[in-house]
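Asker: task: produce atomic coordinates for the following.
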Amino acid sequence: MKVFIVAPNIGLHMGNGGGARVCMAMAKVFEELGYEPYLVAVRGYTVERLSQIHGIKVDKTKTLYLYGYGNLLSIPFPLQVKLIAKFLEKIIPKYNPQIIVFHDDVPKLNTRFFRDRVVLLYSHFPYAARIAFNVTDAYEVSPPQTQLYRDRVYRRLLENLIYIEDLPENVIPIANSTITAVFMKMLWKVNPAIVYPPLTIPDKIKKYYYNLEGFEKILNVKVPMLITLIAGLQPNKRIEDAIRVIPRIRYKNVKLFIVGYSGPSWYREYLHIIIQNLNAFPKIRIFTSVSEELKWRILLKTGIILSMAHFEPFGIAVAEGMATGAVPIVYRGSLSGPWIDIVERGKYGFGFRYENELVETINNILNDESMWRRWAERLFHRSTGSRHEVFKEKLFNVLTMNV
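Answerer: The predicted structure follows:
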């Protein structure tokens, strides 16, 4: 039995990022359930490269890419959505998958392609909600006007390419977080199941992680003064807000590691100018193109994990940090998934609204090592993001209720 797993962003690209990691995790689950998974996208990486990037090994998964292997194509997003729809209409009759899993939104297809099969929509946050409710990211610095104008045009074009208010009845909705579920319910009048993205620890790190004898040895690896922010270098992640805080921390040994893909060149240059103006280069390092293994080695040493974004439907990086005992400090807002789903409004970490509050929270944690140790011990074995077994169980429950 075949399963189509369509790439995140409506099939745009199967590569880096949390959405592609969820696709790989799904492929692993479906393999274990006896299915034959196919990764479907306009373009993407080989299964071997995806396994290396995301630390998820699969054996039977194959790829179906319209334009073969490679990086994201530099063509307009709405055109790529149109292309993936046409591609699906061609390959669905040829391969006859029993299950199709879309990510984020469902492209408009002839409804006959939805019949006699299970169709799932796993949404990290639907573009349809952005269009219907005019949801925009809270940028710390506005992108170039040309990009803002382009985004408005793209939204208008997408209205005719995806289901905005008329999601087909036989599509089974799944949300990655409470925030996404709320918007899906308002938009499509549905009650989606909530299945958190899985926490995937690479095998090399897992061996290292579990071979340490007890919690005390984990603490010996930790560097409380190391603060880590894992996010793509893009303005909606509000990385500048974290950079401005570091010179205000009273402890000289504090360091901030920013880990993520490189993002637009203008924003990288903007961040470097901010760091230079604050004379903060010795305390702040930016890592791009980091492997999963190196990312986890950084997390193993991290004392505090940050999330600065004001709009973040989930935020798996916070859960990853917590799994190594890093104390989370996240933006406290109604659209902050890390605050709502991961730290559960202060139960498993700290929240902040303003810069002064963030500075005070960091100083308080670093000033009291016993408090930091208590929090680290509490968080060591907990991760709201869920491990593979939990993700598999929840996905299997959705399938058994609908197959």
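Asker: pLDDT wise, what is the closest residue to residue 111 other than its chain neighbours at?
Answerer: Using Cβ to Cβ, 6 or more residues apart in numbering and skipping residues adjacent in sequence, the residue nearest residue 111 is residue 168, 6.2 Å away. Quick note: C-beta positions are derived from backbone N, CA and C, even for glycine. Looking at residue 168, its pLDDT reads 89.
Asker: before we move on, what about the one 10 residues further on?
Answerer: Among the per-residue scores, residue 178 holds a pLDDT of 97.
Asker: pretty sure it is touching residue 341, no?
Answerer: Yes. At 5.4 Å, residue 178 counts as touching residue 341 under the criterion of Cβ atoms under 8 Å.
Asker: who has more neighbours out of these two?
Answerer: residue 341 (24 against 14; other Cβ atoms under 10 Å).
Asker: is it correct that the more buried one is in contact with residue 318?
Answerer: No. The pair residue 341 / residue 318 is not scored as a contact, 9.4 Å apart, by Cβ under 8 Å.
Asker: and residue 335, backbone torsions?
Answerer: phi -110, psi 20 (degrees, to the nearest 10).
Asker: ok, the closest residue to it other than its chain neighbours to residue 144 distance?
Answerer: Using Cβ to Cβ, 6+ apart and skipping residues adjacent in sequence, the residue nearest residue 335 is residue 311, 4.6 Å away. Using Cβ to Cβ, to the nearest Å, residue 311 is found at 20 Å from residue 144.
Asker: the more surrounded of these two?
Answerer: residue 311 (20 against 10).
Asker: got a list of what the more buried one touches?
Answerer: Listed by Cβ atoms under 8 Å, 6 or more residues apart in numbering, the contact set of residue 311 reads 135, 137-138, 236, 333, 335-336.
Asker: closest to residue 54 among those residues?
Answerer: Of all those, residue 54 sits closest to residue 236, with 22.4 Å by Cβ to Cβ.
Asker: count the neighbours of the closest one for me.
Answerer: Residues near residue 236, counting by other Cβ under 10 Å: 18.
Asker: hang on, it packs against residue 309?
Answerer: Yes. Using Cβ under 8 Å, residue 236 makes contact with residue 309 at a distance of 6.1 Å.
Asker: which stretches of the stretch 301-403 of the chain form helices?
Answerer: All helices of the stretch 301-403 of the chain, identified by DSSP state H, counting those that start in this stretch, fall at 316-323, 337, 355-367, 369-379, 388-400.
Asker: try the stretch 1-150 of the chain
Answerer: 8-11, 18-32, 47-54, 77-95, 127-133, 145-158.
Asker: what residue ranges in the stretch 201-350 of the chain score low on pLDDT?
Answerer: 202-221 (pLDDT under 70).
Asker: output the helices of the stretch 301-403 of the chain in CSV; the columns should cover mean neighbour count.
Answerer: Compiled in CSV, these are given as follows (neighbours: other Cβ atoms under 10 Å):
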stretch, mean neighbour count
helix 316-323, 26
helix 337, 27
helix 355-367, 17
helix 369-379, 16
helix 388-400, 16
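Asker: and the ones you listed, which one's lowest on average pLDDT?
Answerer: Taking the mean pLDDT of the helices of the stretch 301-403 of the chain, helix 369-379 comes last: a mean of 83.
Asker: just the CA atoms of that helix, as PDB, please.
Answerer: Provided in PDB are the C-alpha atoms of helix 369-379 (Å, rounded to 0.1, in the frame of the first residue of the first chain):
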ATOM      1  CA  GLU A 369      22.700  28.100  40.300                       C
ATOM      2  CA  SER A 370      20.600  25.900  42.600                       C
ATOM      3  CA  MET A 371      17.400  27.300  40.900                       C
ATOM      4  CA  TRP A 372      18.900  26.600  37.500                       C
ATOM      5  CA  ARG A 373      19.800  23.100  38.600                       C
ATOM      6  CA  ARG A 374      16.300  22.400  39.800                       C
ATOM      7  CA  TRP A 375      14.800  23.600  36.600                       C
ATOM      8  CA  ALA A 376      17.300  21.600  34.500                       C
ATOM      9  CA  GLU A 377      16.500  18.400  36.500                       C
ATOM     10  CA  ARG A 378      12.800  19.000  36.000                       C
ATOM     11  CA  LEU A 379      13.100  19.400  32.300                       C
END
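Asker: great, nothing more from me.
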